[in-house]
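Enquirer: can you look at this prediction? I've put the sequence above it.
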Amino acid sequence: MAVGRTGGLAVGMVAVLLTAGPAVRLSAQDTSLIDRGVRIGIIYRPGVRPGFVLLPRRGSSLDSARAIIARDLDYSDRFEVITLPGGDSIRLATPAPVRGQPAPRTGAGSAAGTNATGGGAQAAALNYPLYQALGADFALDVTLAGDTTVATLHDIVAGGVRRTIRARLPALGESDFRQATHRVADQVLQAALGTPGIGATRVLFVKDGKVYQIDQDGAEMKLVSASDRQAMSPAWASDGRRFAYMEFQAGKGQLFLQEMAGGKRTPVATTGKALDFTPAFSPDAQTLAFSRATEEGTDLYTINLKDNCCLRRLTVGRFSDNLSPTFSPDGQRIAFVSTRPGLPQIYVMAADGTDQQLFAPFDYGVTGSSNAPEWSPDGQSVAFHRDVAGTLQVFVLDVRTRTVRQLTSVGRNEDPTWAPDSRHLAFVSDRSGYRQLWIIDLDTGRIRPLLQQSGARLPAWSPRLPEATSTTP
């Protein structure tokens, strides 16, 4: 038996150890509607997303890359994806311009003057009126020019090319092919709407006592923990190049740092003599906060990772447990779980341990226990799970107003973790009958499975990843 990130599990397990878990729409019950539109780059009505179409290419050697890019843009939940009918029923290009008449214009960053393979010639001949009639605001053409992949983003309304993105992708089957392709999709989203994508991200999770990673689109599940001992509580560093986790053995938990590239792991100083768990990096990755359980109770500590020293105690339980820390993005505050009200609830304090106070409101004798807080990357929200009538559900706390709203109601849902866009959450749910990983978009309410294998738990969503994050356990 082991202790993970879940606060409720941790509180119960501490006593035991010291004495001996196709895209679908949410149902009406499982809703997360927001009463405001997203206005990034362009303005559109609440509930209405710009139309997007991927231009068809027959017999392309880029089929795999095109499929990944299309899926990433769909999973961004920022577009209405338009599927074109098969066959030759759609005339993609307009006739060549008659001499003396102006050709359709291309926008800044277009590939004007290049050949059709590079996207420039087709850009000047795209049938913009047709795609506008189909409801598209953007069209993407992915082609090959020599050894360079060219993604040409057309602004249908403006009648020109918004951006041309060129990238030399690794060969299909190489370890970094998918991440390089995800980055192209993220650049397309940035060019279209002015916001970074989440294609080049991964989710760590625990299964069968090991830490695994999986791409955010549900592909490339891979073992990353480099030990035969039970591993729990994975947590990403802000640079995406390493993660922390707990190894459990003989009633004690030791914290380790592991590099994503190469798998080298380093023990965290002063840990391993007690039950140390739920590590959390500060935003600058110089400090690691964690929970330590002893016979006297569970409290929060920090250690200086830069010098691998300087243990500091932040809480003194006095008949209560304090655990599951999560830093605010500015590094000034830490949200955590405390049992001081009786049941575990979400508290907050300054990063030095001062000014401890209740964070997520609750009704004494009515509200169930609250656990597993995680601060959103934009600093505006804290996600956590709460016991509702004997079943765990995911909630979100508004940091400014300190109001909470329930996101889920179907099945048991727990351990939420934020995507770097602060609008998607991965979590564990048994809504399908097994404990699996799911993703919810808070703006549209769309929910999709991330991993359909059973037994996954304790997910941790990465920041946007740098290049070369392959792992060799």
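Expert: It's in. Numbering: from 1, shown residues only.
Enquirer: show the model's pLDDT score for the closest residue to R183 other than its chain neighbours.
Expert: The shortest distance from R183 to any non-neighbouring residue, by C-beta to C-beta, 6 or more residues apart in numbering, is to A200 (4.8 Å). In short, each C-beta sits where N, CA and C put it, glycine included. With respect to pLDDT, A200 has a value of 97.
Enquirer: my guess is A200 meets P463, correct?
Expert: No: A200 is not in contact with P463 according to C-beta atoms under 8 Å; the separation is 9.8 Å.
Enquirer: give me the more crowded residue out of the two.
Expert: Between A200 and P463, counted using other C-beta atoms under 10 Å, the more crowded position is A200 (28 against 18).
Enquirer: tell me the spacing between the residue nearest to R183 and E296.
Expert: Separation of A200 from E296 (C-beta to C-beta, to the nearest Å) stands at 44 Å.
Enquirer: flag the shaky bits of the stretch 251-400 of the chain, pLDDT-wise.
Expert: For the stretch 251-400 of the chain, no stretch is flagged by pLDDT under 70.
Enquirer: list the contacts for the most centrally placed residue in the chain?
Expert: Central residue of the chain (C-alpha atoms, centre = their mean): A419, 2.5 Å from the mean position. By C-beta atoms under 8 Å, 6 or more residues apart in numbering, A419 lies in contact with 198, 201, 216, 425-426, 439, 461.
Enquirer: repeat that with 7 Å
Expert: Residues in contact with A419, defined by C-beta atoms under 7 Å, 6 or more residues apart in numbering, are 198, 201, 461.
Enquirer: now do stretch 276-292: distance to the chain's middle.
Expert: On the basis of C-alpha atoms, centre = their mean, to the nearest Å, stretch 276-292 is displaced by 19 Å from the centre of the chain it belongs to.
Enquirer: check which residues of that stretch are buried.
Expert: Under the neighbour-count criterion of 16 or more other C-beta atoms under 10 Å, stretch 276-292 has 276-283, 285, 287-292 buried.
Enquirer: now do the helices in this protein.
Expert: Secondary structure of the chain, counting by DSSP state H: helices at 7-18, 63-75, 120-125, 128-133, 177-193.
Enquirer: number of nearby residues for the closest residue to I214 other than its chain neighbours?
Expert: Of all residues not flanking I214 in the chain, M221 sits nearest, at 4.6 Å (C-beta to C-beta, 6+ apart). Residues near M221, counting by other C-beta under 10 Å, number 16.
Enquirer: same question for F243.
Expert: 25.
Enquirer: what of the one 4 residues further on?
Expert: If you count neighbours by other C-beta under 10 Å, E247 ends up with 25.
Enquirer: roughly how far apart are it and K210?
Expert: Distance of E247 to K210, given as C-beta to C-beta: 11 Å.
Enquirer: give me the common contacts of those two.
Expert: With C-beta under 7 Å, 6+ apart as the test, E247 and K210 both reach A231.
Enquirer: mind listing what's buried in stretch 203-215?
Expert: Neighbour-count burial for stretch 203-215 flags 203-207, 210-215 (criterion: 16+ other C-beta under 10 Å).
Enquirer: cool, and stretch 290-303?
Expert: 290-293, 297-303.
Enquirer: show the end-to-end separation of it, please.
Expert: 9 Å (C-alpha to C-alpha, to the nearest Å).
Enquirer: with stretch 263-280 instead?
Expert: First-to-last distance for stretch 263-280 - C-alpha to C-alpha - comes to 19 Å.
Enquirer: for the closest residue to K273 other than its chain neighbours, what are its contacts?
Expert: With C-beta to C-beta, 6+ apart as the criterion, K273 has its nearest non-adjacent residue at 6.8 Å, and that residue is K252. By C-beta under 7 Å, 6+ apart, K252 lies in contact with 272-275.
Enquirer: domain assignment for the protein?
Expert: In terms of domains, the chain is parsed into 7-34+198-461, 51-84+104-193 (source: automatic domain parsing).
Enquirer: tabulate those (CSV), appending distance to E467.
Expert: Converted to CSV, these look like this (distance: least, C-beta to C-beta, whole Å):
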stretch, distance to E467
domain 7-34+198-461, 9
domain 51-84+104-193, 7
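Enquirer: could you list the alpha-carbon positions for stretch 409-426 in CSV?
Expert: What follows is stretch 409-426 as a C-alpha-only set of coordinates in CSV (Å, rounded to 0.1, in the frame of the first residue of the first chain):
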residue,chain,number,x,y,z
SER,A,409,-21.1,14.6,-11.3
VAL,A,410,-20.9,11.3,-13.3
GLY,A,411,-19.1,8.6,-11.5
ARG,A,412,-16.1,9.1,-9.1
ASN,A,413,-13.7,11.8,-10.2
GLU,A,414,-10.5,12.8,-8.5
ASP,A,415,-6.9,14.1,-8.7
PRO,A,416,-7.4,17.0,-11.2
THR,A,417,-4.3,18.4,-12.9
TRP,A,418,-4.1,21.6,-15.1
ALA,A,419,-2.9,21.8,-18.6
PRO,A,420,-0.6,24.9,-19.2
ASP,A,421,-3.5,26.7,-20.9
SER,A,422,-5.4,26.8,-17.6
ARG,A,423,-8.6,25.7,-19.3
HIS,A,424,-8.1,21.9,-19.6
LEU,A,425,-7.9,19.5,-16.7
ALA,A,426,-6.9,15.8,-16.7
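Enquirer: now it, how far from the centre of its chain.
Expert: Taking mean C-alpha positions (C-alpha atoms, centre = their mean), stretch 409-426 and its chain are 9 Å apart.
Enquirer: what pLDDT, on average, does it get?
Expert: Average pLDDT, stretch 409-426: 97.
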